[in-house]
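>>> missing the sequence, but the structure's below:
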RNA sequence: GUGGGCGUAGCUCAAUGGCAGAGCACUUGACUGUGGAUCAAGUGGUUGCGGGUUCAACCCCCGUCGCCCACCCCA
């Protein structure tokens, strides 16, 4: 094909096959969210740039956001994430809402970034948040929701793992190492980058930040300590709750998880596919208790996570965990024998539809061979023929496409015959 | 932005300087009222684009565009 206009870079075309997968993911997310009592909601896809300026992080706002000036002169952005919208909407109705709030959402987001595996510029994201509760048990609920999703799609604990840490815990540990508060952000960045850099380069970077040999050693020990969580009351309560929720088989403490977004205040977590080809997080989240106050509301405790559709989509496809999904809603084809019999076919199709069946009528007369081939390609289960012989006798031929049998019966019996074929699927 | 890989039929890919091919898909027929299987024939190409080297370029060289992978960031 020549000169077709290509899609916008980083967007994906959803042909019916891909749309079926996206819908399936949406429905799975709905099922899991609702099983914990969360309500679906949605924010605008357009927000003011100001909304993100406060807390989302330089990279996200300045480099990755799609921003344009509208006709009124306002700076508008295609939302790059949902949490600031959530904070904004809650701040505006704070006294009318029934806390604790459990909300979930699944919608499109845009980030302008270099294309690579597991990333798109237009993607869909599941967001789920619990607001108004400040406790490790609330954090545990969100981790349990994440675990329930992984289980639901067939990613067992051997394949997927949720790694958990706590920023307050890390802050205390950094303090114990004599790292001053103003330096802790950089050190967090250092930790975040550890498994992405060569050990030697990482150490050089650490020295450039001004860490002493003693602090370096302490940091290495901290990051290698799988039992460090025992020193944190918050983390201890979190793991106790996860045990009770039956989610602990998915969860591990990992002091290397710090996360890039600025607004996290306590628990942070990310889920990974253990052995797959994508080394990116499937989902990530944590506690963000200050965000509501930062956008002008009364302080509200909050915890939540987000999952993009791209990484989890790749992993599930690679592992064959996406079920066979029906692409064609109609399993019945009414063929059209000839121009003069077109009305008879249309009438038959309408009759079957009025009885509640999904019915496709071939749109024009054509060779039956072509029409049956079409029925086969569309995965139909039954095909009906109204030819001259049938029409003259007030009959219809009903063919079962699965076993190849067919019968010619009175028109009035067609509905029952088709239903019988569909039942046997 | 930096480094690497790849651009050939609708799709997946061959052809390593000498006639641009195969499989799948599509169309037609074997079957003048019936799909999936089989067989036969057929349609389909500015080899991403522009230049250069050569008797001769899909192939070598230069440039350019696009895609993929890695780095940064993140779902």
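Thanks, I have the structure now. Nothing here was measured: the structure is a model prediction, and the numbers come from that model. Numbering: from 1, shown residues only, chains lettered A, B, ... in the order given.
>>> where does chain A have low pLDDT?
Applying pLDDT under 70 to chain A picks out residues A:1-4, A:54-62, A:196-198, A:260-262, A:275-277, A:424-425.
>>> the longest helix along it and RNA strand B in contact?
For chain A, the longest helix by residue count, based on DSSP state H, is helix A:16-35. No - Helix A:16-35 does not reach RNA strand B (CB under 7 Å from any atom of the strand); its nearest approach is 12.4 Å. (Each C-beta comes from the backbone N, C-alpha and C, glycine too.)
>>> how about the closest residue to residue A:309 other than its chain neighbours, phi and psi?
Leaving aside its chain neighbours, residue A:309 sits nearest to residue A:124 (4.1 Å; criterion: CB to CB, 6 or more residues apart in numbering). Residue A:124 adopts backbone torsions of phi -110, psi 140, taken as degrees, to the nearest 10.
>>> so what's residue A:124 bridging to?
According to DSSP bridges, the partner residues bridging residue A:124 are residue A:108.
>>> and residue A:131, by the same measure?
Using DSSP bridges, the bridge partners assigned to residue A:131 are residue A:101, residue A:302.
>>> neighbours of it, how many?
Applying other CB atoms under 10 Å, we find 24 residues neighbouring residue A:131.
>>> pretty sure it contacts residue A:297?
No - using CB atoms under 8 Å, residue A:131 and residue A:297 do not qualify as a contacting pair, with a distance of 10.5 Å.
>>> kindly report the domain assignment for chain A.
Domain assignment of chain A by automatic domain parsing yields the ranges A:16-318, A:332-424.
>>> so which of those domains comes closest to residue A:7?
domain A:16-318 (9.7 Å; CB to CB).
>>> and that closest one, end to end?
Criterion CA to CA, to the nearest Å; first-to-last residue distance in domain A:16-318 is 20 Å.
>>> do the same with stretch A:157-170
End-to-end span of stretch A:157-170 (CA to CA): 26 Å.
>>> buried residues, it. List them.
Judged by neighbour count using 16 or more other CB atoms under 10 Å, the buried positions of stretch A:157-170 are A:157, A:159, A:160, A:161, A:162, A:163, A:164, A:165, A:166, A:167, A:169, A:170.
>>> hmm, that stretch in reach of RNA strand B?
No - in terms of CB under 7 Å from any atom of the strand, no part of stretch A:157-170 sits within range of RNA strand B; the closest distance is 11.8 Å.
>>> show me how far that stretch is from its chain's centre.
Centroid separation between stretch A:157-170 and its chain, computed with CA atoms, centre = their mean, to the nearest Å, is 19 Å.
>>> hmm, who's touching that stretch?
A:143, A:146-147, A:150, A:188, A:191, A:228-229, A:231-232, A:234-235, A:238, A:249-258, A:264-276, A:282, A:286, A:319 (CB atoms under 8 Å, 6 or more residues apart in numbering).
>>> can you select the buried ones from those in PyMOL?
Per 16+ other CB under 10 Å, the buried members of the contacts of stretch A:157-170 correspond to this PyMOL selection:
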select buried, chain A and resi 143+146+147+150+188+191+228+229+232+234+235+238+250+251+252+253+254+255+257+258+264+265+266+267+268+269+270+271+272+273+276+282+286
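>>> just the ones of the contacts of stretch A:157-170 in strands?
If you go by DSSP state E, those have A:251, A:252, A:253, A:267, A:268, A:269, A:270, A:271, A:272, A:273, A:282, A:286 in strands.
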